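Trainee: Sharing a model prediction with you, sequence too.
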Amino acid sequence: MDTSLAEKDDGVEGVVRRRRFLPTKSDFLPEESFQSWRNYGNALSELPQRFSSRVFARSDDNLEINDVRKRSQHDMKKTLRWWDLMWFGIGAVIGAGIFVLTGQEAHDNSGPGIIISYVTAGISAMLSVFCYTEFAVEIPVAGGSFAYLRVELGDFMAFIAAGNIILEYMISGAAVARSWTSYFATLLNHHPDDFRIHTNLSKNYNLLDPLAVAILIITGIVAILSTRAASVMNWLASIVQMCIITFVIIAGITRALMKEQASNLTPFLPFGVRGIFKSASVVFFAYVGFDAVSTMAEETRDPGKDIPIGLIGSMSITTLVYCIMAFTLSLMQKYTDIDKNAPFSVAFKKLGWTWAQYIVALGALKGMTSVLLVGNVGQARYLTHIARTHLIPPWFALVDRKTGTPINATAFMVIATAVIAFFTNLPILANLLSISTLFIFMLVAVALLVRRHYVKGETSTGNLRLLIIFLVIILGSSAANAAYWAASKHGWILYTITVPLWFLATLGLALFVPIARKPRIWGCPLVPWLPSLSIACNIFLLGSIDKDSFIRFGVWTGLMLVYYFFFGLHASYDTAIGSPSSSGKVVKKIGALEDSKDNVQPGTPLTRELV
């Protein structure tokens, strides 16, 4: 395993010659600001100047694809094609959510109209997919949304997103792993908590879950050994899962028609239109996970062809499957009779097919295994690229020569997620995960509009001002829509102001701010309309989340800022300038490579980021 840096080679600082088993301080804090307490004190005294130089500092495509990527020591292996990406997308998205969320929302908020809710949420998710796809094709690196935001919105905004990305993956991975234990117990005719260890710890932390830890470690080992092996395992598991879903659909519809259950589809909208959108804001999270596929662009053989087919194809299949599954459940049972915890299992039982509940549980178990596997692959690549910029210790950026995978980053994320899964039931953090996801999706859409309409040195000051004005109106009107939706149950008057404002701002962007950059290979269609609509949808969905979750989101962001101002800012500043620091010494680079004259030539600057 790549663990630590050792000594210099031929006068080139930072080149690895030998390795030790345990990492050292220089592996985590190699920058000049941390070489002595005096240096650190000088760095803190320069905090305002350093922050002002980094807050809007933007990278560019070439730096992310070449210079920054080289800091991982070895290249990731390009082994993936569109087939792999499509199944990764399906595996990342279709988990246990479809087997649970559908019943909950149909029973409480939308009735048979849950079908329309899935269509609505699927359209919203597809808008984000289009934005991600253009970036992944144009900037095919492991960093996903972090890299995209670094290029277009700057270093500081990318860091805020990075912290939320890491939190998102750890919480979602822990939640899925604990659900895996529950479904596994159910499959063996046990209570969901039978395989957990009961302790006297405080509530929500008193059920220890060793099985959750075990499944995380197993999927983590597969992700470490080979991306290709992970891909094969994922698409085999996903194919089995799709077969089970096909059985549920065919058997469910057939049995319902045999029992003459068609009347269950009426009334179709028992909770009205508001119920449709309320459910859409919840089932939207059954689509989350596709962003992990964008992190695999660096390992894709032909990004321009494979990524659009893989991402858009997987989301199209997922949306179709979700809508048919929702129709099947609505046909099998009256919405008032749907069981909110195990809707499909109970529906089959009431129709006389008790044995089918085990097939449903197996399908959910297979889906969650794929979600964990793809999550382990994706989260490690996010962490790897964040570490390449030194916003977190660069030790996590190392890629193993033999496996071509980021072993350190994968192991760290698996361990951190396993600790949370072992102790925590996560009822409090569920909505915090939702805020992080929607926040990042919204930022990526904003970044795409900036990318298309602004190029430094080419876009005039007047056009830049117009771009900022229109973006502020788009964001403001979208936020007003979300706030009004959350505050008013039956009102509609404010929408006659906010919706036209959004429309006119987007129209103004299309008519008065010229396109400054066209995509080289594949581009999101209907810019600025699709990204602007994506912004509106994501902010609208944020309006459905409770106030306490926003408070916790603020607390988490505050903790990230503390880390940033005391560590991340100074590390990334030293790395970016690649020049003498305030102490007068040359910044020591960690981006050089082990015994690798092929990738780093003596004297070649390893960091040339834009400041």
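Mentor: Received the coordinates, thanks.

Trainee: how about I98, what does it touch?
Mentor: Listed by Cβ atoms under 8 Å, 6 or more residues apart in numbering, the contact set of I98 reads 245, 286, 321-322, 325, 367. C-beta coordinates here come from the backbone N, C-alpha and C atoms, glycine included.

Trainee: Now tabulate the residues you listed in CSV and tack on secondary structure.
Mentor: What follows is these, written out as CSV (DSSP: H, G, I helix; E, B strand; the rest coil):
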residue, secondary structure
I245, helix
A286, helix
V321, helix
Y322, helix
M325, helix
G367, helix
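
Trainee: biggest separation within these, which pair?
Mentor: Spatial extent of the contacts of I98 (Cβ to Cβ) is set by the pair I245 and A286 at 13.1 Å.

Trainee: Which stretches in the stretch 151-300 of the chain count as strands?
Mentor: With DSSP state E, counting those that start in this stretch as the criterion, the stretch 151-300 of the chain has strands at 197-198, 207-208.

Trainee: which other helices and strands contact the last one?
Mentor: To tie it back to what came earlier, the one meant is strand 207-208. When contacts are defined as 3 or more Cβ pairs under 8 Å, 6 or more residues apart in numbering; DSSP states H and E, strand 207-208 packs onto strand 197-198.

Trainee: List the neighbouring strands of the strand it packs on plus their orientation.
Mentor: strand 207-208 (antiparallel) (DSSP bridges).

Trainee: how far does the strand it pairs with sit from the chain's center?
Mentor: How far strand 207-208 lies from its chain's middle: 27 Å, per Cα atoms, centre = their mean, to the nearest Å.

Trainee: those helices in the stretch 101-250 of the chain, which residues are they?
Mentor: Using DSSP state H, counting those that start in this stretch, the helices of the stretch 101-250 of the chain run over 114-138, 145-152, 155-187, 210-225, 227-258.

Trainee: which of the ones you listed sits most buried?
Mentor: With neighbours taken as mean count of other Cβ atoms under 10 Å, the helices of the stretch 101-250 of the chain reach their highest mean count in helix 145-152, at a mean of 28.

Trainee: For that helix, report the contacting residues that lie outside it.
Mentor: Taking Cβ under 8 Å, 6+ apart as the rule, helix 145-152 contacts 58-61, 64, 132, 135, 139, 141, 143, 157-158, 161-162, 165, 291, 294, 382, 385-386, 389, 440, 443-444, 447-448, 450-451.

Trainee: what's the angle between it and helix 114-138?
Mentor: Interaxial angle, helix 145-152 versus helix 114-138 (axes from the mean of the first three to the mean of the last three Cα atoms, to 10 degrees): 60 degrees.

Trainee: CA atoms of helix 145-152 as CSV?
Mentor: Extracted in CSV, the C-alpha atoms of helix 145-152 (Å, rounded to 0.1, in the frame of the first residue of the first chain):
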residue,chain,number,x,y,z
SER,A,145,-18.2,18.3,-9.0
PHE,A,146,-15.2,19.5,-6.9
ALA,A,147,-13.1,19.9,-9.9
TYR,A,148,-15.9,21.6,-11.9
LEU,A,149,-16.5,24.2,-9.2
ARG,A,150,-12.7,24.8,-8.8
VAL,A,151,-12.5,25.7,-12.5
GLU,A,152,-15.6,27.9,-12.7
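
Trainee: now it: mean pLDDT?
Mentor: Model confidence over helix 145-152 averages 93 on the pLDDT scale.

Trainee: Low-confidence regions, this structure specifically.
Mentor: Within the chain, the ranges that satisfy pLDDT under 70 run 1-22, 96-97, 426-434, 578-611.

Trainee: Quick check: the gap between the nearest residue to K350 once chain neighbours are set aside and Y358.
Mentor: Once flanking residues are discounted, K350 sits nearest to Q333: 6.8 Å by Cβ to Cβ, 6 or more residues apart in numbering. Noted for Q333: a distance of 19 Å to Y358, by Cβ to Cβ, to the nearest Å.

Trainee: Which one's more surrounded, the two?
Mentor: Q333 (24 against 15; other Cβ atoms under 10 Å).

Trainee: Was I right to think that one contacts S263?
Mentor: No - applying Cβ atoms under 8 Å, one finds Q333 not in contact with S263, separated by 11.2 Å.

Trainee: my guess is G163 meets W556, correct?
Mentor: Yes - G163 lies in contact with W556 (Cβ under 8 Å); the separation is 7.3 Å.

Trainee: For L149, see how far away A161 is.
Mentor: Distance from A161 to L149, by Cβ to Cβ: 5 Å.

Trainee: same check, this time on P303
Mentor: For P303 relative to L149 (Cβ to Cβ), the value is 19 Å.

Trainee: rewinding a little: sort out which of the contacts of I98 are buried, if you could.
Mentor: Buried subset of these (neighbour count, 16 or more other Cβ atoms under 10 Å): 245, 286, 321-322, 325, 367.

Trainee: does S314 count as helix, strand or coil?
Mentor: Applying three-state DSSP: S314 is helix.

Trainee: Pull the contacting residues for the spatially closest residue to it that is not a sequence neighbour.
Mentor: Closest residue in space to S314, ignoring its immediate chain neighbours: G89 at 2.7 Å, by Cβ to Cβ, 6+ apart. Residues counted as contacts of G89 (Cβ under 8 Å, 6+ apart) are 289-290, 293, 310-311, 313-315, 318.

Trainee: V248 too?
Mentor: 325, 328, 344, 356, 359-360, 363.

Trainee: at 10 Å instead, please
Mentor: 98-99, 324-325, 328-329, 332, 344, 347-348, 356, 359-360, 363 (Cβ atoms under 10 Å, 6 or more residues apart in numbering).

Trainee: now swap in N264 and tell me
Mentor: 111-112, 256, 329-338.

Trainee: ditto for K259
Mentor: By Cβ under 10 Å, 6+ apart, the contact list for K259 reads 331-332, 350-352.

Trainee: most surrounded residue in those residues?
Mentor: Ranked by neighbours (other Cβ under 10 Å), the contacts of K259 are led by M332, which has 26 neighbours.

Trainee: if we can go back for a sec, so what sits against both of A161 and L149?
Mentor: Joint contacts of A161 and L149 (Cβ under 10 Å, 6+ apart) are 440, 443-444, 447.

Trainee: gap between the residue most central in space within the chain and W83?
Mentor: Nearest to the mean C-alpha position of the chain, by Cα atoms, centre = their mean, lies D291 at 4.7 Å. Distance, D291 to W83, by Cβ to Cβ: 20 Å.

Trainee: same thing with I276?
Mentor: Distance of I276 to W83, given as Cβ to Cβ: 35 Å.

Trainee: The two: which is more packed in?
Mentor: Under the criterion of other Cβ under 10 Å, the comparison of I276 against W83 puts I276 first, with 21 against 14.

Trainee: hang on, isn't that one packed against I114?
Mentor: Yes - between I276 and I114 there is a contact at 8.3 Å, judged by Cβ atoms under 10 Å.

Trainee: list the residues that contact both of the two?
Mentor: Common neighbours of I276 and I114, using Cβ under 10 Å, 6+ apart, are E105.

Trainee: In stretch 341-358, which of the residues would be classed as buried?
Mentor: Result for stretch 341-358 [16+ other Cβ under 10 Å]: buried residues 342-348, 351, 356-357.

Trainee: what about the nearest residue to L265 once chain neighbours are set aside, how many neighbours?
Mentor: In space, and not counting its chain neighbours, L265 is closest to P112: 4.9 Å by Cβ to Cβ, 6+ apart. P112 is flanked by 21 other residues according to other Cβ under 10 Å.
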